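*Asks:* Sequence and predicted model, in that order:
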Amino acid sequence: MLVAAAVCPCPPLIVPEVAVGAAHEMDAARAACADALGVLAASRPDLLVVVGPAEQSGRGSFPQGTRGSFRGFGVDVEVRLGPAEADVSERELPPSLAVGAWLLERTGWADAPIEGLGVGESLAPERCVEAGREIGARAGRVALLVMGDASACRTVKAPGYLDERAAPFDAEVARALGAADVAAVQALDAELAHELKASGRAPWQVLAGAAEGADLSGALLYEDAPYGVGYMVATWS
């Protein structure tokens, strides 16, 4: 059963070496992520699953010890998803899970088995929810680190330019995540999320599937759009 979850944004810019001179602009987001991961650690899970958007259309698993890097973003920074295992996948973590691994390394997480799940940004809501239910049933105490961004259309300088629908969409996401509103997260419009370039939609709906029946409370720790992209940090516990 799901006992705790942390929802964090996944821009590589959260890694200071990637952001370089603009690193301070993400200080508040990094601090909120650290607080959220503290909630995960306090939940004493038997299993931690890091869920994030990936390019494939379905779902892809990444075992404990899988490596990732930020070389594609111009810096020689490597990460690993938890302690190394004997037979580690040769595949690299997708960027969202690499950011999750970086956050976990930064907070010194080492208390439970860890694995990653990449979900395609186009994965249908019902399949996301089904995946979450499967994860929630895998251990007596399951925790999720859920990576994903809200809309990328909040300003004219945003990656997706300005879309007037972005701010209302992000406001509803922030409300739903802050309230641990399972039904509202499951009901997020996948087509609208795609049009607004909201990469977190599928991972959030995996969380909503895992949280069914868990009766968790939510807290919104951070919400901002410093680059015209909605970044949110929330906890469910």
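*Replies:* Nice, thanks for sending it over. Numbers count the residues shown, from 1 in each chain.
*Asks:* Phi first, then psi, for the nearest residue to Gly200 once chain neighbours are set aside.
*Replies:* Of all residues not flanking Gly200 in the chain, Gly148 sits nearest, at 2.3 Å (CB to CB, 6 or more residues apart in numbering). Quick note: C-beta positions are derived from backbone N, CA and C, even for glycine. The phi and psi values for Gly148, taken as degrees, to the nearest 10, are phi 170, psi 150.
*Asks:* State the distance from Gly148 to Ala4.
*Replies:* Gly148 sits 17 Å away from Ala4, going by CB to CB, to the nearest Å.
*Asks:* Looking at these two, which is more packed in?
*Replies:* The residue with more neighbours, out of Gly148 and Ala4, is Gly148; 28 against 23, by other CB atoms under 10 Å.
*Asks:* so what pLDDT did the residue most central in space within the chain get?
*Replies:* Centroid-nearest residue in the chain, with CA atoms, centre = their mean: Met147, separated by 0.9 Å. On pLDDT, Met147 comes in at 98.
*Asks:* Look at the closest residue to it other than its chain neighbours and give its secondary structure.
*Replies:* With sequence-adjacent residues excluded and distances taken as CB to CB, 6+ apart, Met147 is closest to Gly52, at 3.5 Å. Three-state call for Gly52 (DSSP: H, G, I helix; E, B strand; the rest coil): strand.
*Asks:* Bridge partners for Gly52, pull those for me.
*Replies:* Gly118 (DSSP bridges).
*Asks:* That one contacts Val119, correct?
*Replies:* Yes: assessed by CB atoms under 8 Å, Gly52 is found in contact with Val119 at 7.4 Å.
*Asks:* Determine the residues that are contacts of both of these two.
*Replies:* Counting by CB atoms under 8 Å, 6 or more residues apart in numbering, the residues touching both Gly52 and Val119 are Pro203.
*Asks:* just to revisit the earlier point, gap between the residue nearest to Gly200 and Asp46?
*Replies:* Per CB to CB, Gly148 is found 24 Å from Asp46.
*Asks:* could you say what helices and strands the lengthiest helix in the chain packs with?
*Replies:* Longest helix of the chain, by residue count under DSSP state H: helix 27-42. Other helices and strands packing on helix 27-42, by 3 or more CB pairs under 8 Å, 6 or more residues apart in numbering; DSSP states H and E, are strand 2-8, helix 95-107, strand 142-147, strand 218-224, strand 231-236.
*Asks:* relative to strand 218-224, how tilted is it?
*Replies:* Interaxial angle of helix 27-42 relative to strand 218-224 (axes from the mean of the first three to the mean of the last three CA atoms, to 10 degrees): 160 degrees.
*Asks:* between helix 27-42 and strand 2-8, how many degrees?
*Replies:* Counting by the same axes, to 10 degrees, helix 27-42 lies at 170 degrees to strand 2-8.
*Asks:* Contacts for helix 27-42, please.
*Replies:* With CB under 8 Å, 6+ apart, helix 27-42 has contacts from 4-9, 14, 48, 103-104, 106-107, 109, 111, 143, 145, 221-222, 224, 231, 233-235, 237.
*Asks:* Could I get the CA-only coordinates of it as PDB?
*Replies:* The C-alpha coordinates for helix 27-42 follow below in PDB (Å, rounded to 0.1, in the frame of the first residue of the first chain):
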ATOM      1  CA  ASP A  27      17.200  27.300  -4.800                       C
ATOM      2  CA  ALA A  28      13.600  27.400  -3.400                       C
ATOM      3  CA  ALA A  29      12.600  24.500  -5.500                       C
ATOM      4  CA  ARG A  30      15.600  22.500  -4.400                       C
ATOM      5  CA  ALA A  31      14.900  23.200  -0.800                       C
ATOM      6  CA  ALA A  32      11.200  22.200  -1.200                       C
ATOM      7  CA  CYS A  33      12.300  18.900  -2.900                       C
ATOM      8  CA  ALA A  34      14.600  18.200   0.000                       C
ATOM      9  CA  ASP A  35      11.700  18.700   2.500                       C
ATOM     10  CA  ALA A  36       9.500  16.400   0.400                       C
ATOM     11  CA  LEU A  37      12.100  13.700   0.300                       C
ATOM     12  CA  GLY A  38      12.300  14.000   4.100                       C
ATOM     13  CA  VAL A  39       8.600  12.900   4.200                       C
ATOM     14  CA  LEU A  40       9.500   9.800   2.100                       C
ATOM     15  CA  ALA A  41      12.300   8.900   4.400                       C
ATOM     16  CA  ALA A  42      10.100   9.300   7.500                       C
END
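*Asks:* Right, I'll leave it there.
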